[in-house]
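Q: Could you work out the structure for the sequence below:
(one chain, ligands or ions: 1)
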Amino acid sequence: MKFTKMHGIGNDYVYVNCFKETVKDPSAVAKFVSDRHFGIGSDGLILIKPSDIADCEMDMYNLDGSQGAMCGNGIRCVAKYAYDYGIVNKTSISVATKSGVKYLDLSIRDGKVSMVKVNMGAPILQASLIPVVSEDEQVIDAPIEVNGQTYRFTAVSMGNPHAIVYMDDVDGLDIEKIGPSFESHVNFPDRVNTEFVRVIDRHTVQMRVWERGSGETLACGTGACAVAVSSILNGLVDRNQPVTVKLLGGDLNIFWDESDDQVYMTGPATTVFDGEIDLGFLGE
Ligand SMILES: N[C@H](CCC[C@H](N)C(=O)O)C(=O)O
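A: Sure thing, here's the model as predicted:
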């Protein structure tokens, strides 16, 4: 199987061009290739597939083999791959995902994509659609008990579920302990991606993320969007202004446009190397 290793500020995936390759069992392939000792090493697998409704389709799998409905860092790399490898020859493109068709604008430097702006769509705040168990219509700054401690969190979906928790210090956080407890908490029927956030000023936040199905990653694009929306809803950053979200792997610029309720994410996409791996033992 030919593949391309790419990352969005350190959130790295193995990408397969399914205009040319066939992957029979993506879940099994994702689990194997993601292993950083026995496989290639990544946060998961992303298939770039033909689409009848967009320029291409993104089909994303976490490292545990679970399928993700949306991936912000991944879709920027899909767009970069599509342009750089000749699937498209334009700088405004569409990518179909499990959470709808997304529209992207590409910045080109030296003939290749350097930065990508993605319309990530409108945030979903209705608890039953996130989903999160709650008696309230929306979950903003609500209590939740995790490992015997009470936290306050806000729930936002960007096509995938996020729980946002604000703290004074995220650098010293024992995320390996608290992350899995949020991920598998009974209040999240589909599990959840959890962002731990320190507010720096009215335009800047710092976050770490424990991703559903992948553990701590260096960055999470949908998570950064959810954090910007949550921070505005909680009055912690200015409305209708860009928010800089600082993640372990780098920064993302997020803008929640009140005029159309769309969340725009701008960030880089990077190709690391092309490779080939024999997955005959997996029946591929
Ligand atoms: N773990 C996520 C999918 C990947 C999201 C993240 N890598 C991003 O950049 O948005 C989920 O299961 O919902």
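
Q: Give me the phi and psi angles of Thr222.
A: phi -60, psi -40 (degrees, to the nearest 10).

Q: confidence score at the closest residue in space to it that isn't next to it in sequence?
A: Nearest residue to Thr222 in three dimensions, chain neighbours excluded: Met158, at 4.1 Å (C-beta to C-beta, 6 or more residues apart in numbering). Any C-beta I mention is one placed from the backbone N, CA and C, and that applies to glycine too. Met158 is assigned a predicted lDDT (pLDDT) of 98.

Q: same thing with Glu195?
A: pLDDT, Glu195: 98.

Q: ok, it - contacts?
A: Residues in contact with Glu195, defined by C-beta atoms under 8 Å, 6 or more residues apart in numbering, are His162, Ala163, Ile164, Val165, Met207, Arg208, Val209, Cys220, Gly223, Ala226, Val227.

Q: burial of the closest residue to Lys112 other than its chain neighbours, as a residue count?
A: Leaving out its chain neighbours, the residue that sits closest to Lys112 by C-beta to C-beta, 6+ apart is Asp84, at 5.0 Å. For Asp84, the neighbour count with other C-beta atoms under 10 Å is 18.

Q: any idea which of the contacts of Glu195 is closest to the ligand?
A: Nearest to the ligand out of the contacts of Glu195 is Cys220 (C-beta to the nearest ligand atom; 4.2 Å).

Q: contacting residues for the residue nearest to Lys112?
A: Asp84 makes contact with Lys112, Val113, Thr271 under the criterion C-beta under 8 Å, 6+ apart.

Q: The second one belongs to a strand?
A: What that stands for is Val113. Yes - remark: Val113 belongs to a strand, assigned using DSSP: H, G, I helix; E, B strand; the rest coil.

Q: what bridges to it?
A: Listed by DSSP bridges, the beta-bridge partners for Val113 are Ile108.

Q: Quick check: end-to-end length of stretch 49-68?
A: Separation of the first and last residues of stretch 49-68 by C-alpha to C-alpha, to the nearest Å is 15 Å.

Q: Could you give the separation of that stretch from the chain centroid?
A: Centroid separation for stretch 49-68 versus its chain: 13 Å, with C-alpha atoms, centre = their mean, to the nearest Å.

Q: which outside residues touch it?
A: The contact list for stretch 49-68 (C-beta under 8 Å, 6+ apart) reads 13, 18-19, 26-31, 34-35, 42-48, 70-71, 74-75, 78, 82, 87-88, 93-98, 101, 160, 211-215.

Q: Give the members of the residues you listed that are also in contact with the ligand.
A: Cys71, Gly74, Asn160, Glu211, Arg212, Gly213, Ser214 (C-beta under 6 Å from any ligand atom).

Q: how about the residues you listed, which pair is most distant?
A: Gly74 and Arg212 (14.0 Å; C-beta to C-beta).

Q: So between those two, which is more surrounded?
A: Neighbours per residue (other C-beta under 10 Å) separate Gly74 from Arg212, with Gly74 holding more: 29 against 24.

Q: got the contact list for the residue nearest to Thr222?
A: Residues near Met158 by C-beta under 8 Å, 6+ apart: Met70, Gly72, Ser99, Met120, Gly121, Pro123, Ile124, Thr222, Cys225, Ala226, Val263.

Q: For those, could you give me TSV that also reports pLDDT and distance to Leu173?
A: Formatted as TSV, the contacts of Met158 follow (pLDDT from 0 to 100; distance: C-beta to C-beta, whole Å):
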residue	pLDDT	distance to Leu173
Met70	98	25
Gly72	98	22
Ser99	97	28
Met120	98	26
Gly121	98	29
Pro123	98	24
Ile124	98	26
Thr222	98	20
Cys225	98	21
Ala226	98	18
Val263	98	25
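
Q: That'll do, ta.
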